[in-house]
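A.B. asks: sequence and predicted structure are below.
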Protein chains: 2
Amino acid sequence: MDMTLEPIGTVRSPLVDRKTAPKQGTDGAPDAWLHFRAEYADGLTDVGAGQDILLLTWLDRANRATLRVRRRREPGVLRGVFSSRSPDRPNPIGLHRVRVLEKRDALTFRVGDLEALDGTPILDVKPVLDRRE
Amino acid sequence: MDMTLEPIGTVRSPLVDRKTAPKQGTDGAPDAWLHFRAEYADGLTDVGAGQDILLLTWLDRANRATLRVRRRREPGVLRGVFSSRSPDRPNPIGLHRVRVLEKRDALTFRVGDLEALDGTPILDVKPVLDRRE
């Protein structure tokens, strides 16, 4: 079965280093720009400023062999990675709920509060379903 | 960049056909079983019955060329796929919030209300973050 992902775009962010990036659950993640590839423009026509979206990314600097992680709030305890949002995981897909602040053109969006490093590939955009998320 | 996914498990469900499966947003999706691969057991130790989890799947019967879709509620209107939860999309990653009803053993979980077809590969499990989802 072909399970190969194709990037639909790239994150541009002032965050360039995992060590200095804010962790999920804290405040202070910066605005970032989403640059989509031209061939996906038709899929983006109904995404606009003011919307909350779910952004799926490929956490390309992840360690995919990780199965146990330390939680920030309980550093003495090892937890199974599937009970954590660690970027280090077997299939390092990032899930980010962000607000679209600006649509500069058909392929370029500014979003708020995105914890993703500069250069992170974008995999998907989904609408938030109020009933479920 | 290597963007190849590895299935961590498989969905077992009475849903075998996209045409008869319930659509997202409706009631009536059945319980399903998640069968994980043995090598991922260490990552699953803290996932248990009663928890709500986010399940990421690979929608292996998707048409990845789809960029415009018809919504069920507005069948006369074509929408950009990134404003829809259609399984047909360039990177067909399914996102399902489900409740763990039973953990039969370390690798076998029963979940409620899962809209995924029998045989669907499982990619990831993440905890629900109350603040964000």
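C.D. replies: It's in. Residues are numbered from 1 along each chain as shown, chains lettered A, B, ... in the order given.

A.B. asks: and A:Ala65, what is it in contact with?
C.D. replies: A:Pro90 (C-beta atoms under 8 Å, 6 or more residues apart in numbering or on different chains). In this view, the C-beta of every residue, glycine as well, is placed from N, C-alpha and C.

A.B. asks: now swap in the one 10 residues further on and tell me
C.D. replies: If a contact means C-beta under 8 Å, 6+ apart, then A:Pro75 has no contacts.

A.B. asks: SS state for it?
C.D. replies: Assigned state for A:Pro75: coil (three-state reduction, DSSP: H, G, I helix; E, B strand; the rest coil).

A.B. asks: how close does it get to chain B?
C.D. replies: A:Pro75 sits 16 Å away from chain B, going by C-beta to the nearest C-beta, to the nearest Å.

A.B. asks: what's the answer for A:Val111, then?
C.D. replies: Using C-beta to the nearest C-beta, we find A:Val111 at a distance of 13 Å from chain B.

A.B. asks: where are the low-confidence patches of chain A?
C.D. replies: Applying pLDDT under 70 to chain A flags residues A:22-27, A:130-133.

A.B. asks: top strand in it by residue count?
C.D. replies: strand A:93-105 (DSSP state E).

A.B. asks: the closest residue to A:Gly119 other than its chain neighbours: how many residues sit nearby?
C.D. replies: Excluding the flanking residues, the one nearest A:Gly119 by C-beta to C-beta, 6 or more residues apart in numbering or on different chains is A:Thr10, at 6.3 Å. By other C-beta atoms under 10 Å in any protein chain shown, 17 other residues sit near A:Thr10.

A.B. asks: which element is A:Thr10 on?
C.D. replies: For A:Thr10, the host element (DSSP states H and E) is strand A:9-12.

A.B. asks: now for the helix or strand following that strand, which elements pack on it?
C.D. replies: For strand A:9-12, the succeeding helix or strand toward the C-terminus, using DSSP H and E, is strand A:32-36. Contact partners of strand A:32-36 among helices and strands, from 3 or more C-beta pairs under 8 Å, 6 or more residues apart in numbering or on different chains; DSSP states H and E: strand A:9-12, strand A:108-111.

A.B. asks: same for the first one, what does it pack against?
C.D. replies: The elements that strand A:9-12 packs onto, with contact taken as 3+ C-beta pairs under 8 Å, 6+ apart, are strand A:32-36, strand A:121-127.

A.B. asks: now render those strands as TSV, adding mean neighbour count.
C.D. replies: Formatted as TSV, these follow (neighbours: other C-beta atoms under 10 Å in any protein chain shown):
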stretch	mean neighbour count
strand A:32-36	21
strand A:121-127	22
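
A.B. asks: okay if I get these as JSON lines plus distance to B:Met3?
C.D. replies: Shown next, in JSON lines, are the helices and strands packed on strand A:9-12 (distance: least, C-beta to C-beta, whole Å):
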{"stretch": "strand A:32-36", "distance to B:Met3": "16"}
{"stretch": "strand A:121-127", "distance to B:Met3": "7"}
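
A.B. asks: is the longest strand of chain A in proximity to chain B?
C.D. replies: Yes. Using C-beta under 8 Å from any C-beta of the partner chain, a contact is recorded between strand A:93-105 and chain B, made by A:Ile93, A:Leu95, A:Arg97.

A.B. asks: sort out which residues of that strand are buried, please.
C.D. replies: For strand A:93-105, a neighbour-count test (16 or more other C-beta atoms under 10 Å in any protein chain shown) marks A:Ile93, A:Gly94, A:Leu95, A:His96, A:Arg97, A:Val98, A:Arg99, A:Val100, A:Leu101, A:Lys103 as buried.

A.B. asks: circling back: okay, now the sheet partners of the strand holding A:Thr10, with direction.
C.D. replies: Sheet pairing of strand A:9-12 (DSSP bridges) gives strand A:32-36 (antiparallel), strand A:121-127 (antiparallel).

A.B. asks: the helices and strands packed on strand A:32-36: which one's closest to B:Phe36?
C.D. replies: Nearest to B:Phe36 among the helices and strands packed on strand A:32-36 is strand A:9-12; the distance by C-beta to C-beta comes to 30.1 Å.

A.B. asks: nice, that's everything, thank you.
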